[in-house]
Every structure is written in structure tokens, then in C-alpha cells.
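**Q** Sequence isn't available, so here's the structure alone:
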């Protein structure tokens, strides 16, 4: 949600993505057939193909029949992560959440 991936998807593509996230294994893999996915999501073959195409274009999944893989949303691991200058106290977290600047 924080990177707004789902906002860029059609409703069928979002439904397919959420379905795949729900049914995939620890490596993001799922072997659900087109027929089973269509039945579960109550969509037709063309809608499934269009949704899958959107997810492939958005680089949210990889697919080679019959295998889907949900891809990581983590930022590029080759880029260094920004570290906080110093950890916030619990009070600091609440102040930041409430919009206080001190």
C-alpha cells in the first residue's frame, strides 16, 4: 500500500494479485490452473489474461504456464538502505505520528 502498487491496477488485476499472494508458498510460487483461478475469482479467460498482463507489466508477478511467482516488493537490494540518524523513543514515534515537530 505504501508504494501505491495496487492503485495502478484494474480491479481484476488487484483481485488476481491478492489471490496469488494468499495462495503462494514461502517462495511466492503458485501452481493454480487458469480454470481454478477463474472459478475462484468469478472471471472469464479474457479477464484473467488481461489481469495477468497488467501484473506482468507492473513487475508484480512472473508467469510461465502453469507457474506463477509473486515477486518481492522490497526496494532494490543493491541500493543501500537509509538508516535513521538515531532511533526514536516511543514518545517520539507518537509525536511524529501526531504531527508534532519537536
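**A** Perfect, thanks for sending it. Treat the numbers as computed from the prediction; the structure is a model and nothing was measured.

**Q** What segments of this protein are helices?
**A** 11-23, 34-41, 45-57, 90-98 (DSSP state H).

**Q** What residues sit buried inside the first one?
**A** The neighbour-count criterion (16 or more other CB atoms under 10 Å) identifies 12, 13, 14, 15, 16, 17, 19, 20, 23 as the buried residues of helix 11-23. To be clear about C-beta, it is placed using only N, CA and C from the backbone, and glycine gets the same treatment.

**Q** Mind checking the helices of the chain for the one nearest to residue 72?
**A** Closest approach to residue 72 among the helices of the chain is made by helix 11-23 (11.6 Å; CB to CB).

**Q** Would you mind giving the helices of the chain as JSON lines with distance to residue 66 and mean pLDDT added?
**A** Formatted as JSON lines, those follow (distance: least, CB to CB, whole Å; pLDDT from 0 to 100):
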{"stretch": "helix 11-23", "distance to residue 66": "13", "mean pLDDT": "96"}
{"stretch": "helix 34-41", "distance to residue 66": "8", "mean pLDDT": "97"}
{"stretch": "helix 45-57", "distance to residue 66": "12", "mean pLDDT": "97"}
{"stretch": "helix 90-98", "distance to residue 66": "45", "mean pLDDT": "60"}
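
**Q** of those, which approaches residue 73 most closely?
**A** Once these are compared by CB to CB, helix 11-23 is nearest, at 10.0 Å.

**Q** how far off helix 34-41 does the closest one point, in degrees?
**A** Interaxial angle, helix 11-23 versus helix 34-41 (axes from the mean of the first three to the mean of the last three CA atoms, to 10 degrees): 100 degrees.

**Q** contacting residues around helix 11-23?
**A** 6, 9, 30, 32, 37, 40-41, 43, 47-48, 50-52, 54-55, 58, 60-61, 68, 70 (CB atoms under 8 Å, 6 or more residues apart in numbering).
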